[in-house]
Each structure stands twice: as structure tokens, then as C-alpha cells.
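**Student:** All I have is the shape, not the residue letters:
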């Protein structure tokens with residue numbers, strides 16, 4: 001039976017791998033003009049390099065690093081333009097060192113911005129209501145319970161915020177654990193906490209006062225995500241402590257997944273995608289909270305998984321993924337829906 005779904009997820013999210021050339025380079029193959037570009041060096045050339053995140057709302061050349069508390073860093077050698085099929089880089093040794101390999105993760109918002117007055121704080125928003133993704137820029141007012149418009153016309157399940165003005169943590173807010181508005185810290189291995197704020201609705205998300213989300217006069221960026229059938233799934237699962245690990249149903253073949261243990265501290269945020277591993281078992285991982293180079297666990301069963309036609313199958317009993325009784329959150333985007341809107345099933349890897 002036909003149902004509303006996103007038949008071609010790569011119109012809204014895509015991973016592209018590239019090799020640095022040490023000078024200006026246009027990275028192509030994204031298939032759209034990206035609004036959020038997350039870049040990470042894979043190999044350790046002479047040093048581990050930070051994650052570098054760019055978005056069209058803040059503009060070009062302005063980087064934030066998911067693994068640090070640092071403020072916005074600007075350089076003409078960074079990302080210099082968002083292009084119709086990708087983006088252009090300068091000669092930065094962090095993003096474009098000659099012969100070094102990189103991963104780029106790219107999301108489409110709207111390729112434009114609009115002022116949003118739905119909340120008590122006016123925001124600048126680039127929103128894609130089809131894919132459930134928006135980028136929100138705002139200035140804090142220091143008022144507990146302040147609201148900020150996100151432009152999605154549906155309720156986000158995840159809101160990731162970063163203070164651009166001061167060196168403080170990234171906050172990853174979500175209802176994916178137990179329905180309440182919990183938070184984790186993207187640049188930390190800490191377990192989840194309770195935000196104390198009201199969960200978002202279809203128009204706004206809410207802020208407590210404080211440096212992480214709403215200090216008076218500080219500038220912020222937020223990345224907001226609502227689930228969309230055939231494209232995105234955000235949830236939690238409980239580990240079973242078995243090498244024949246937990247199966248997580250997403251309703252699509254995954255293209256990208258990030259997982260974090262939420263019930264206890266000590267484990268990294270781990271990221272896999274379908275371009276660094278085109279076949280199962282998926283075994284090349286990067287960590288959002290550290291600058292470390294890519295880890296390849298192909299010689300073992302540690303922290304490996306399968307991307308299936310309808311979800312993720314954990315293939316280990318390790319604490320980072322599948323410790324018995326622990327809770328894990330996941331954030332997943334699709335390569336293909338399990339069944340398209342016209343009833344065509346996807347093939348397995």
C-alpha cells in the first residue's frame with residue numbers, strides 16, 4: 001500500500017569522500033547545494049584534526065568544532081562557497097591537506113533564510129519541512145523559558161545548540177530517550193541529564209537561561225531535526241550484552257548513523273556511514289567528541305554493525321554499543337526507504 005515517504009533520501013543528505021590537494025578544491029557529488037557541511041579528516045597525517053562544521057546561515061569560512069568547546073573560528077582557507085553540487089575549500093591543512101583523506105556529511109535545508117517570529121526570541125531560519133531539518137540562528141535574551149522558532153512545522157526530536165560567542169559545551173537535546181527533554185554534551189562522553197526545559201512543539205523550542213543555550217547577548221546556532229518516514233529516525237535502544245547484538249528498526253537502509261551511550265558516561269559518540277563502508281560489516285568509525293583519526297576495526301568484531309534494508313544490527317557486545325541493560329541513543333539518516341511510496345522494496349547490502 002502506498003504511503004507518504006521520501007523516496008530519494010540522497011536529495012537531502014549525502015556523504016562524499018574526498019582527498020585533499022593542498023590548494024583550492026571544489027568537492028562535488030553531493031547532488032544538491034548543502035546548507036550544513038560537517039567535515040572530518042580520516043587519516044592522521046601529521047596530527048589529529050578537529051571536526052569542522054559549516055552552515056549557510058552563518059555563512060562561509062566560519063567553522064565550529066563538535067569535539068571542542070571553542071567559539072567560531074574564521075579563516076579564508078576554510079570552506080569558501082556552497083555550490084550547486086557540493087562546496088569549495090581553500091588550502092587549509094585541517095580540511096584540505098595534500099593527499100590526506102576526508103569525509104564530508106552534507107544536509108540540505110532551504111538554500112535561503114527567513115526571519116522567524118514564532119518565539120519570544122526572533123530567529124533566522126533555513127528550514128526544509130520535507131526532510132525535517134532546519135538551521136536556526138538567534139541571540140540569547142537570558143530569560144528562562146524563552147522560545148525560539150525553528151520553522152519545521154513539525155516537532156523536532158533533536159535540537160543541537162552551540163554558543164558561538166563563548167567557549168562552552170555543545171548541547172544535544174532530545175526526546176528520543178524517554179520522551180522528556182533530556183540533553184547530552186556532544187563534545188563529551190558524559191551521560192544524559194534533564195534539561196529542565198519544556199519539550200519543543202511544532203513551532204518553537206524552549207530554552208533555560210545559561211551559557212549553553214540562552215545567555216543574554218550571546219549568539220547561537222541550532223540544528224533541529226524532526227523524524228520523516230523513509231529519511232530519518234531518532235530513538236534509543238537497550239543493549240543485550242551479546243555478540244549477536246540488538247537490532248534497531250529504522251524503516252530504511254541506513255546511510256549514516258551516530259550512536260552514544262546515554263545511561264552512563266565514558267563512551268564516545270561514534271559515527272558510521274555507507275560511503276566509508278559500502279558493504280557489511282560496517283567497521284570504519286569516527287568519533288564526534290574527539291579529534292582522533294578514523295578507527296578501522298575490520299580485523300575484529302569490536303564496535304561493528306550491519307546496515308540492513310530496514311535498520312541496524314549490532315555485531316558486538318562492547319560497552320560503546322551494546323552493554324547489557326544500558327541505554328543508547330541513535331541518530332540515523334537513510335540511503336533508501338525500506339519500501340518506496342510506490343511499493344518498491346529496497347535491496348539489502
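**Tutor:** On my side now, so go ahead. Bear in mind the structure is a predicted one, so any value in this text is a computation, not a measurement. Numbering: from 1, shown residues only.
**Student:** mind checking which helix or strand residue 110 is in?
**Tutor:** Following DSSP states H and E, there is no helix or strand that holds residue 110.
**Student:** Any figure for the gap between it and residue 43?
**Tutor:** Per CB to CB, to the nearest Å, residue 110 is found 34 Å from residue 43. Quick note: C-beta positions are derived from backbone N, CA and C, even for glycine.
**Student:** How about residue 201?
**Tutor:** Taking CB to CB, one finds residue 201 at 44 Å from residue 43.
**Student:** Not counting residues beside it along the chain, what's closest to residue 81?
**Tutor:** residue 88 (4.5 Å; CB to CB, 6 or more residues apart in numbering).
**Student:** What is the burial count for that neighbour?
**Tutor:** 16 (other CB atoms under 10 Å).
**Student:** Check the one 10 residues further on too.
**Tutor:** Here the count is done by other CB under 10 Å, and residue 98 has 12 residues near it.
**Student:** got it, and residue 84?
**Tutor:** If we define neighbours as other CB under 10 Å, then residue 84 has 10 of them.
**Student:** if I look at the closest residue to it other than its chain neighbours, how far off is residue 123?
**Tutor:** Distances taken as CB to CB, 6+ apart put residue 33 closest to residue 84, at 5.2 Å, once the chain neighbours are dropped. For residue 33, the distance to residue 123 equals 22 Å [CB to CB].
**Student:** Name every sheet partner of the lowest-mean-pLDDT helix or strand in the chain and say whether each one runs parallel or antiparallel.
**Tutor:** Lowest mean confidence among the helices and strands of the chain (mean pLDDT, DSSP states H and E): strand 295-296, at a mean of 88. Using DSSP bridges, strand 295-296 pairs in its sheet with strand 284-287 (antiparallel).
**Student:** Check what contacts the partner strand and list those residues.
**Tutor:** 40, 42, 67, 103, 268-272, 276-277, 292, 294-297, 303 (CB atoms under 8 Å, 6 or more residues apart in numbering).
**Student:** The same query, at a cut-off of 7 Å, please.
**Tutor:** For strand 284-287, contacts defined as CB atoms under 7 Å, 6 or more residues apart in numbering pick out 40, 103, 268-272, 276-277, 294-296, 303.
**Student:** what do you get for stretch 260-271?
**Tutor:** Taking CB under 7 Å, 6+ apart as the rule, stretch 260-271 contacts 177, 184, 186, 189-192, 236, 258-259, 285-290, 303, 319-320, 326-329.
**Student:** Surely residue 329 is in contact with residue 175?
**Tutor:** No. If you go by CB atoms under 7 Å, residue 329 and residue 175 don't touch, sitting 10.4 Å apart.
**Student:** More neighbours: the two, which one.
**Tutor:** Neighbours per residue (other CB under 10 Å) separate residue 329 from residue 175, with residue 329 holding more: 23 against 19.
**Student:** That one: which element?
**Tutor:** For residue 329, the host element (DSSP H and E) is strand 327-337.
**Student:** before we move on, what about residue 15?
**Tutor:** Using DSSP H and E, residue 15 falls in strand 13-19.
**Student:** picking that back up, between residue 110 and residue 43, who's got more neighbours?
**Tutor:** More neighbours surround residue 110 than the other of residue 110 and residue 43, with 19 against 14 (other CB under 10 Å).
**Student:** May I ask you to confirm that the residue nearest to residue 81 is in contact with residue 28?
**Tutor:** No. With contact defined as CB under 7 Å, residue 88 does not reach residue 28; the gap is 9.6 Å.
**Student:** Please report the number of neighbouring residues for residue 193.
**Tutor:** Residues near residue 193, counting by other CB under 10 Å, number 12.
**Student:** check contacts around it.
**Tutor:** Contacts of residue 193 by CB under 7 Å, 6+ apart are 182-183.
**Student:** one more time with 8 Å
**Tutor:** Going by CB under 8 Å, 6+ apart, the list of residues near residue 193 reads 182-184.
**Student:** need the residues you listed in TSV with neighbour count, can you?
**Tutor:** Converted to TSV, these look like this (neighbours: other CB atoms under 10 Å):
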residue	neighbour count
182	21
183	25
184	25
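**Student:** low pLDDT regions in the chain?
**Tutor:** 1-4, 298-303, 338-345, 348 (pLDDT under 70).
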